[in-house]
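Fold the following.
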Amino acid sequence: MTQIIVLPHVELCPEGTVIEAAPGTSICDALLDNGIEIEHACEKSCACTTCHVIVREGFSSLAEAEEEEEDLLDKAWGLEPQSRLSCQAEVGDVALVVEIPRYTINMAREGKH
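Sure, this is the predicted structure:
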């Protein structure tokens, strides 16, 4: 199992937490499996940016993002060089430190899709 340190998020995880996930599990699934209700409006199909996270540590251990994910990330609120869509980034065998941005952009809900 791989450790994921989730930094505090005002609504989803106010105290921050440490969870574990099996390698090959998406960060999104690991969060959801541990009671952290990260938004995932497209049901994890790489069609929105609501599950955007910033990988503060361990980023280089993740497989590179596919072109489709990169294109969507360009539309994410608070984009940073270590940004990933948590539904696409799979946990490896290196511990991660993950920050969930305070805001998300739900293009379908906001009529921008």
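
Can you give me the neighbour number for the nearest residue to Arg56 once chain neighbours are set aside?
Once its chain neighbours are removed from consideration, Arg56 has its nearest residue in Val97; the separation is 4.2 Å (C-beta to C-beta, 6 or more residues apart in numbering). Glycine gets a C-beta too; all of them are placed from N, C-alpha and C. Here the count is done by other C-beta atoms under 10 Å, and Val97 has 18 residues near it.

Tell me which residues are up against the lowest-mean-pLDDT helix or strand in the chain.
Comparing helices and strands within the chain by mean pLDDT, DSSP states H and E singles out helix 67-73 as the least confident, with a mean of 96. Around helix 67-73, the neighbours that count as contacts under C-beta atoms under 8 Å, 6 or more residues apart in numbering are Cys46, Ala47, Cys48, Thr49, His52, Ala65, Leu79, Ser83, Arg84, Leu85, Gln88.
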